[in-house]
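*Asks:* show me how the following folds:
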Amino acid sequence: QVQLVESGGGLVQAGDSLRLSCAASGRTFSSYAMGWFRQAPGKEREFVAAISASGGSTYYARSVKGRFTISGDNRKNTVYLQMNSLKPEDTAVYYCAAHMRPIVVLTESGYNYWGQGTQVTVSS
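*Replies:* Numbers count the residues shown, from 1 in each chain. From the prediction side, this is the model:
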């Protein structure tokens, strides 16, 4: 069993930056690919970014590419999402998720464990 806890969300203005963290406990996640998803009010949850277990492969949604960076620290069992140049349309609850294999998956159904989410609100 893996427990995931997100933190770092908040209320910021357009153009600001935030760094989300996702701390994993339980079984080591050094062999797991990790992902970030988000869900805006009234919308379905969508893929944001993912990283392979080795950290050698990363993938981003087109809407965040060039602004967001996913990274991981296996020593701390933590994955991060650095969000720069935030826009009001980035407002959502952000979730991290773990996939029980080292390769990246981009679909929600491929992930085995989920955090509770952290709210990010970007004002214009």
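*Asks:* use CA for all of it now, contacts and neighbours both
*Replies:* Noted.
*Asks:* can you give me how far the helix or strand harbouring Tyr94 is from the chain middle?
*Replies:* Using DSSP states H and E, Tyr94 sits in strand 92-99. Relative to its chain's centre, strand 92-99 lies at 5 Å (CA atoms, centre = their mean, to the nearest Å).
*Asks:* what pairs with it, parallel or antiparallel?
*Replies:* Paired with strand 92-99 in the same sheet, following DSSP bridges, are strand 33-39 (antiparallel), strand 113-114 (antiparallel), strand 118-123 (antiparallel).
*Asks:* would you mind finding the most buried of those?
*Replies:* strand 33-39 (a mean of 26; mean count of other CA atoms under 10 Å).
*Asks:* could you check the pLDDT of Ile103?
*Replies:* Looking at Ile103, its pLDDT is 89.
*Asks:* ok, it to Leu11 distance?
*Replies:* As defined by CA to CA, to the nearest Å, Ile103 lies at a distance of 33 Å from Leu11.
*Asks:* could you do Arg62 as well?
*Replies:* 23 Å.
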